[in-house]
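K.L.:
Structure of the sequence below:
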Amino acid sequence: MIKLIGQPNCSQCMLVKKLLNSKQIEYLYDELDELPNKEEEIEKAKENGVFTLPIITENNKYLSVNQLIEKIKKTI
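P.N.:
Numbering: from 1, shown residues only. Next up is the predicted model:
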């Protein structure tokens, strides 16, 4: 399952959600500011090379937006 962590006015977050919805790919979405472990999530993302929103994970593996897009292209 793909998990996204983002912000309401984040253009990249909206783009990724729109893409996943258009391809009918299920995902979970959380707003960063509503997470009780916000700082921990940010640190884990940074440790895995993710420095911008959205924070994307699949099966506990961190993905960049570009990696997610390429993965989706391969499955179409």
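K.L.:
ok, residues contacting the worst-scoring helix or strand of the chain on mean pLDDT?
P.N.:
None of the helices or strands of the chain scores lower by mean pLDDT, DSSP states H and E than helix 65-75, at a mean of 92. With contacts defined as C-beta atoms under 8 Å, 6 or more residues apart in numbering, helix 65-75 is touched by 2, 12, 15, 16, 19, 23, 25, 54, 56, 58, 63. In short, each C-beta sits where N, CA and C put it, glycine included.
K.L.:
how about a cut-off of 6 Å?
P.N.:
12, 56 (C-beta atoms under 6 Å, 6 or more residues apart in numbering).
K.L.:
What's the separation between residue 38 and residue 69?
P.N.:
Relative to residue 69, residue 38 is positioned 26 Å away (C-beta to C-beta, to the nearest Å).
K.L.:
now do residue 31
P.N.:
With C-beta to C-beta as the criterion, residue 31 and residue 69 are 22 Å apart.
K.L.:
mind listing the helices for the chain?
P.N.:
11-22, 38-47, 65-75 (DSSP state H).
K.L.:
any chance of those helices in a markdown table, with mean neighbour count too?
P.N.:
Listed next are these as a markdown table, based on neighbours: other C-beta atoms under 10 Å:
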| stretch | mean neighbour count |
| --- | --- |
| helix 11-22 | 14 |
| helix 38-47 | 13 |
| helix 65-75 | 12 |
